[in-house]
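Undergrad: Any chance you can model this:
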Amino acid sequence: MASSVLAKVGVSTALQLGACKVSASKTCLNVAAPTRGSFLAGNKAINAPKNGARVFAREAPYAPGSEAPEYLKGELAGDNGFDPLGLGADPANLKWYVQAELQNGRWAMLGAAGALVPEILTKAGLWNAPLWFDAGKAEYFAPASTLFLVELILMGWVEGRRYYDIVNPGSVYQDPIFSSNKLPPGEVGYPGGIFNPLNFPVNKESKDKELANGRLAMLAFLGYIAQSHVTGEGPFANLLAHLADPWHVTVVSSIEKFVGSS
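TA: Purely as a prediction, here's the structure:
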């Protein structure tokens, strides 16, 4: 009798677990009491609703054991479930922040390289360029005010077009002056055509890599700014100083020296 009951329970449990596997949704019958996931757990159960279903929340990859917000489903590029301030809770805000992070990451990658490469070439004696934080003091072919105005007009035009593409995707794919120039249909933020001359693939993997490098570049440039205020040197000079004496020229020693001199 006891073995018969155990067999029935085992078959019932197996059927319920099987239903969970084949179900396209993220709910299954409540076979056991709701539990929290462990540090290494993947999807983890949360409080079961009254209908007996067991709901699973996606784990936030950036912090194993924590739950990702329900609006971050892992579908977006670079989605690690990190949004402690809930900035993306509103779908309209999330759409805007996705594009904002993408563009700021691209500018940061250009800026990080643009600040570092001229300093390296100058150190090698191949160029005579000012440090990135002194670039505004240099004299160019036109007055700084004129260059600023020209840049403001050109960048305003480009950014305006990009904004309209976010609001109405595909609305700016055709050149307003030379109508024969068109971009291929694509995703907002990834125009393709002349903006992708090497024909890099636009897939989830490449998007993740670009965002990861963009985020790293944004942090790197914050480091450039901090270094320039603390040491008065460029990033390459700071690197060389650290490599020459790694035990005494560190972040801590630089901060101590800066605080002591202020």
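
Undergrad: Any stretches of this protein with poor pLDDT?
TA: Low-confidence segments of the chain (pLDDT under 70): 1-57.

Undergrad: Go ahead and name everything in contact with stretch 155-175.
TA: Contacts of stretch 155-175 with the rest of the structure, by C-beta atoms under 8 Å, 6 or more residues apart in numbering, involve 95-96, 99, 103, 181-185, 188, 191. C-beta here means a position set from N, CA and C on the backbone, and glycine is covered the same way.

Undergrad: again, 10 Å this time
TA: The contact list for stretch 155-175 (C-beta atoms under 10 Å, 6 or more residues apart in numbering) reads 95-96, 98-100, 103, 176, 180-189, 191-193.

Undergrad: Check stretch 110-119 too.
TA: Stretch 110-119 is contacted by residues 104, 107, 126-133, 135, 213-214, 216-221, 223-225, 228, 233-237, 239 when judged by C-beta under 10 Å, 6+ apart.

Undergrad: can you do 8 Å?
TA: Stretch 110-119 is contacted from outside by 127, 129-132, 217, 220-221, 224, 234-237, using C-beta under 8 Å, 6+ apart.

Undergrad: The residues you listed in helices, which ones?
TA: Judged by DSSP state H, helices contain the following of the contacts of stretch 110-119: 217, 220-221, 224, 235-237.

Undergrad: which SS state does the nearest residue to Trp127 once chain neighbours are set aside fall under?
TA: Leaving aside its chain neighbours, Trp127 sits nearest to Leu121 (4.0 Å; criterion: C-beta to C-beta, 6 or more residues apart in numbering). At Leu121, secondary structure determined by DSSP: H, G, I helix; E, B strand; the rest coil is helix.

Undergrad: count of residues packed around Leu121?
TA: 14 (other C-beta atoms under 10 Å).
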